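In: The amino acid sequence is not available; the structure is as follows:
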């Protein structure tokens, strides 16, 4: 029996998954077996893997798409049936360095207190930039903090980073931790997103260290900058994030958690309404109320909608403008990013060095909804590219605080009731 059981989960990424397998096979170590789980792909992935790799991999084909967690669990169960010392999970759009697999196994060999070891993950398209190097759970803002996200590797990144959790795009786990504790396999009811973070966080709660190891290097594609066709991400990210903090927030912080989480939900709903993104707003509403009701698994039909996220109002406003000026208060980098964004909406737009001569002047702010006391003759734009352009926008901004307070007041008690109910059932 080999030491490592490798699980690669695939859904409709034929070219990526065969490249991923090839990169694993080119590793310096060969002390592993590869299990490729296919989630009912329709792009010929199964045939491509069979044709190119045959008996070099064990192919497990699900009859339907079970999501990231269900797909991985198909392979994880198979690995746990054997005597493998380590389980290594890989996303299908990852390329591993020849030392990546061996480096993680070597670290676990010499650190018996560690249950999970992840790689340093670089952007495949921009390999000098880090995509992630582990995550921490932020119980102040109730979100996840990704270490070194989009960081240009300048040699200061630590060789080992202890963290709360690790994404399963490249993580190696000690199988004894799963078999001999209550950690269990990946939470399948998430379907996708936050499932891997919750799973590895259970290792931390059980007393095992989770670390990332810099000499295990992988590249990760992780989607593109194009707008998603539907609201799939909005639904699962929000529902599963809410469920996580409903489950794992310390008891003494529940009141604070409810206030801040409800504030975050409201902000997303209000921004969607403000930008006239009605499908996005509806999907977030479904996600929020499904989290409260304990609805899990694959989203019911009608909850994933066509993505209507847009910048149409700002684009229309800019269409007859030729020059712009940004009041940046010293934040040159953000001014440049905002300028690039404005020019993406109107490619003929040019920066002007003198604001008096510019057709339009933008003033940077942290969040437009906090600008109720701002100058009414100014145009504000925030880090999410929300913009105050006209009187109607100012009305929304002026009503923001009252509307937010009302939303929290209406939902806090039912939300906390749902938290307690979830914890009793857990």
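Out: Yep, that arrived. Predicted, not measured: the structure shown is a model, and the values here were computed from it. Residues are numbered from 1 along each chain as shown.

In: Helices of the stretch 251-400 of the chain, start to end?
Out: Per DSSP state H, counting those that start in this stretch, the stretch 251-400 of the chain carries helices over the ranges 254-274, 278-293, 312-318, 332-345, 391-425.

In: which parts of the fourth one are buried?
Out: Spelled out, it's helix 332-345. Using 16 or more other Cβ atoms under 10 Å as the test for burial, helix 332-345 gives 334-335, 338-339, 342, 345. In short, each C-beta sits where N, CA and C put it, glycine included.

In: just the last one next, same as before
Out: Buried residues in helix 391-425, counted by 16+ other Cβ under 10 Å: 393-394, 396-397, 400, 403-404, 407-408, 411, 415, 418-419.

In: Hey, what's the angle from that helix to helix 254-274? Just curious.
Out: If you take axes from the mean of the first three to the mean of the last three Cα atoms, to 10 degrees, helix 391-425 sits at 140 degrees to helix 254-274.

In: Show me what helix 391-425 is packed against.
Out: Packing contacts for helix 391-425, counted by 3 or more Cβ pairs under 8 Å, 6 or more residues apart in numbering; DSSP states H and E, involve helix 232-248, helix 254-274, helix 278-293, strand 387-388.

In: Please tell me the pLDDT value assigned to residue 225.
Out: As predicted, residue 225 sits at a pLDDT of 58.

In: re the thing from before, closest to residue 85 out of the helices of the stretch 251-400 of the chain?
Out: Nearest of the helices of the stretch 251-400 of the chain to residue 85, taken as Cβ to Cβ: helix 391-425 at 34.3 Å.

In: Just send the helices and strands packed on helix 391-425 back as TSV, with distance to residue 129 too.
Out: Shown next, in TSV, are these (distance: least, Cβ to Cβ, whole Å):
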stretch	distance to residue 129
helix 232-248	22
helix 254-274	27
helix 278-293	28
strand 387-388	28
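
In: Reformat those as JSON lines; add mean neighbour count, distance to residue 359 and mean pLDDT.
Out: What follows is the helices and strands packed on helix 391-425, written out as JSON lines (neighbours: other Cβ atoms under 10 Å; distance: least, Cβ to Cβ, whole Å; pLDDT from 0 to 100):
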{"stretch": "helix 232-248", "mean neighbour count": "21", "distance to residue 359": "34", "mean pLDDT": "98"}
{"stretch": "helix 254-274", "mean neighbour count": "18", "distance to residue 359": "24", "mean pLDDT": "97"}
{"stretch": "helix 278-293", "mean neighbour count": "20", "distance to residue 359": "30", "mean pLDDT": "98"}
{"stretch": "strand 387-388", "mean neighbour count": "22", "distance to residue 359": "15", "mean pLDDT": "98"}
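
In: mind checking which of these is nearest residue 57?
Out: For residue 57, the closest of those is helix 232-248, at 28.3 Å, according to Cβ to Cβ.

In: angle of that closest one against helix 391-425?
Out: Between helix 232-248 and helix 391-425, the angle comes out at 50 degrees (the same axes, to 10 degrees).

In: For the protein, which residues score under the pLDDT cut-off?
Out: Across the chain, residues meeting the criterion (pLDDT under 70) sit at 223-226, 426.

In: quick revisit: mind giving me a markdown table with the buried residues of helix 332-345 and columns for distance to residue 195?
Out: A markdown table is the format used below for those (distance: Cβ to Cβ, whole Å):
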| residue | distance to residue 195 |
| --- | --- |
| 334 | 33 |
| 335 | 38 |
| 338 | 35 |
| 339 | 38 |
| 342 | 37 |
| 345 | 36 |
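
In: out of these, who's nearest residue 60?
Out: Within these, proximity to residue 60 (Cβ to Cβ) peaks at residue 345, which comes in at 45.7 Å.

In: these two touch, right, that closest one and residue 314?
Out: Yes - counting by Cβ atoms under 8 Å, residue 345 does reach residue 314; the two are 6.2 Å apart.

In: Could you please name the strands the longest strand along the chain pairs with and the direction of each pair?
Out: What stands out as the longest strand in the chain, according to DSSP state E, is strand 209-220. Counting by DSSP bridges, the strands paired with strand 209-220 are strand 94-96 (antiparallel), strand 114-123 (parallel), strand 160-163 (antiparallel).

In: Show me how far it is from its chain's centre.
Out: 17 Å (Cα atoms, centre = their mean, to the nearest Å).

In: cool, and stretch 326-343?
Out: On the basis of Cα atoms, centre = their mean, stretch 326-343 sits 26 Å off its chain's mean C-alpha point.

In: Nearest spatial neighbour of the residue nearest the centre of the chain, chain-adjacent residues omitted?
Out: By Cα atoms, centre = their mean, the mean C-alpha position of the chain lies nearest to residue 193, the distance being 6.7 Å. Ranked by Cβ to Cβ, 6 or more residues apart in numbering and with sequence neighbours excluded, the top spatial neighbour of residue 193 is residue 236, at 4.4 Å.

In: Ok, residue 239 next?
Out: Take residue 239 and drop its neighbours on the chain: the residue closest to it by Cβ to Cβ, 6+ apart is residue 287, 4.0 Å away.

In: do you know how far residue 139 is from residue 195?
Out: Using Cβ to Cβ, to the nearest Å, one obtains 19 Å as the distance from residue 139 to residue 195.

In: Which one's more surrounded, the two?
Out: Neighbour count, other Cβ atoms under 10 Å: between residue 139 and residue 195, residue 195 has more, with 24 against 16.

In: how close does the more buried one sit to residue 68?
Out: According to Cβ to Cβ, residue 195 and residue 68 sit 6 Å apart.

In: next one: residue 401
Out: Remark: distance between residue 401 and residue 68 (Cβ to Cβ) = 38 Å.

In: same check, this time on residue 47
Out: 22 Å.

In: Doesn't residue 149 lie inside a helix?
Out: No - read with DSSP: H, G, I helix; E, B strand; the rest coil, residue 149 is coil and lies in no helix.

In: Is it correct that it is in contact with residue 130?
Out: Yes - the pair residue 149 / residue 130 is scored as a contact, 7.0 Å apart, by Cβ under 8 Å.

In: and these two? which has more neighbours close in?
Out: More neighbours surround residue 130 than the other of residue 149 and residue 130, with 21 against 13 (other Cβ under 10 Å).

In: what's the helix or strand containing the more buried one packed up against?
Out: Here residue 130 sits within strand 130-132, counting by DSSP states H and E. Based on contacts counted as 3+ Cβ pairs under 8 Å, 6+ apart, the elements that strand 130-132 packs against are strand 114-123.
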